[in-house]
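Participant: Here is my input, please return the structure:
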Amino acid sequence: VHDLDGDGSLEVVAAADTSDTDQSKSGLWRLRADDLSLLEEPTSAPLIASIRVADLNGDHTEEVLTLTLEGDLEIRDASLAFQQGFSLGGKVERRTPIHVEDLDDDGAPELVVLLDEPREVVVLGADLRERWRSGGPLAPNGIAVLSKSQGFDGALVVVNTRSSGVFAFDAEGAPRWRSEVTSWRATFGDRRQPPIAADLTGDGAPELVVLSPEGALYVLDPRDGRTLARFRGSGFEPPAAAPVIADVDFDGAPEILIASSDRRLRMLLVPVGVRTHADDRSRP
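Facilitator: Sure thing, here's the model as predicted:
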């Protein structure tokens, strides 16, 4: 939901799969936000994994980014007309996010995408020129992108994997650190579980929340990858949904909410200044 054409009113951009006689395609729709009336006939496009709206060139007008299941990243204008495209060289899963962050602090954003086949991270400039890719057998589950806009002192692309730990790369793709914590492959839905970045300790900078294969929850320091907190309660079952981080009791400190497969909702507290454990407050 964005004001795409700068007229002061909101539009909705949505993708829906359609089928014709020779292949499956997506229809891109642009509708009024107030009554969902169709602004124009839908635009045909290859099967779309995700959509992102962002100002890529700093002209205060927004472009529509579409990522196809075949790994093509496309830029469209406010009318959804195709402008430019780039093949990432691999396929992606449905709902794979397009991360848009200024990694190198030059005033222009970079685009970060996690490929599924092959399993690697690709970073592009706003001009869709490739900056770097992770390469190697990382088998990533998901990525988190940290930048100065999030209160972090340097940009990082953090990758959690199923067998090799958690990796962090700087804005230029150079390795920064590695944690031995391996991440859990989400079984809910068809999306991978990325690290979650949130300020849990009240220092103004985010920490990273990662789920391990056995269902344990880890809080990592994004500066060096060390473990700040770990939780695996008695009888703790693997999560049935992605964790949610929110200040549910309005005390100024966030909690971690996990719905587990044993039909219990757990609220974990990571107290400010306490870096060794998490407190479990479970409810059926």
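Participant: what about residue 53, how many neighbours?
Facilitator: Neighbourhood size, residue 53 [other Cβ atoms under 10 Å]: 18. C-beta here means a position set from N, CA and C on the backbone, and glycine is covered the same way.
Participant: my guess is it contacts residue 13, does it?
Facilitator: Yes - using Cβ atoms under 8 Å, residue 53 is in contact with residue 13, at 6.7 Å.
Participant: Kindly point out which residues are neighbours of both of the two.
Facilitator: The contact sets of residue 53 and residue 13 overlap at 2, 4, 64 (Cβ atoms under 8 Å, 6 or more residues apart in numbering).
Participant: And these, which of them are buried?
Facilitator: For those, a neighbour count by 16 or more other Cβ atoms under 10 Å gives the buried set as 4, 64.
Participant: Just the ones in helices from the shared contacts of residue 53 and residue 13, please.
Facilitator: Within the shared contacts of residue 53 and residue 13, no residue falls in helices by DSSP state H.
Participant: Turn the shared contacts of residue 53 and residue 13 into a markdown table, including distance to residue 253 and pLDDT.
Facilitator: Shown next, in a markdown table, are the shared contacts of residue 53 and residue 13 (distance: Cβ to Cβ, whole Å; pLDDT from 0 to 100):
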| residue | distance to residue 253 | pLDDT |
| --- | --- | --- |
| 2 | 32 | 89 |
| 4 | 38 | 85 |
| 64 | 38 | 93 |
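Participant: of all the shared contacts of residue 53 and residue 13, which comes closest to residue 133?
Facilitator: Within the shared contacts of residue 53 and residue 13, proximity to residue 133 (Cβ to Cβ) peaks at residue 64, which comes in at 23.9 Å.
Participant: and the closest residue to that closest one other than its chain neighbours, what does it touch?
Facilitator: Excluding its sequence neighbours, the residue lying closest to residue 64 (Cβ to Cβ, 6 or more residues apart in numbering) is residue 76, at 4.3 Å. Residue 76 makes contacts with 28, 43, 63-66, 82-83, as judged by Cβ under 8 Å, 6+ apart.
Participant: Among those residues, which ones are in strands?
Facilitator: Using DSSP state E, 28, 43, 63-66, 82-83 are the members of those that sit in strands.
Participant: List only buried entries from those residues.
Facilitator: 28, 43, 63-66.
Participant: So the residue nearest to the spatial centre of the chain versus residue 61, what's the distance?
Facilitator: Nearest residue to the geometric centre of the chain (Cα atoms, centre = their mean): residue 97, 5.2 Å. Using Cβ to Cβ, to the nearest Å, residue 97 is found at 22 Å from residue 61.
Participant: do residue 33 as well
Facilitator: 18 Å.
Participant: quick one, phi psi at residue 155?
Facilitator: phi -70, psi 140 (degrees, to the nearest 10).
Participant: Residue 33 versus that one, what's the distance?
Facilitator: Taken as Cβ to Cβ, the span from residue 155 to residue 33 is 33 Å.
Participant: Those two: which is more packed in?
Facilitator: A side-by-side neighbour count of residue 155 and residue 33, using other Cβ under 10 Å, places residue 155 first with 21 against 13.
Participant: Tell me which residues touch the more buried one, please.
Facilitator: Residue 155 neighbours (Cβ under 8 Å, 6+ apart): 101-105, 145-148, 170-171.
Participant: Need the pLDDT of it.
Facilitator: In this model, residue 155 is scored at 83, pLDDT.
Participant: Residue 58 versus that one, what's the distance?
Facilitator: 18 Å.
Participant: what do you get for residue 248?
Facilitator: Applying Cβ to Cβ, the value for residue 248 to residue 58 is 38 Å.
Participant: next one: residue 154
Facilitator: 22 Å.
Participant: The two: which has the busier surroundings?
Facilitator: residue 154 (14 against 10).
Participant: Where does that one sit: helix, strand or coil?
Facilitator: Three-state assignment for residue 154 (DSSP: H, G, I helix; E, B strand; the rest coil): coil.
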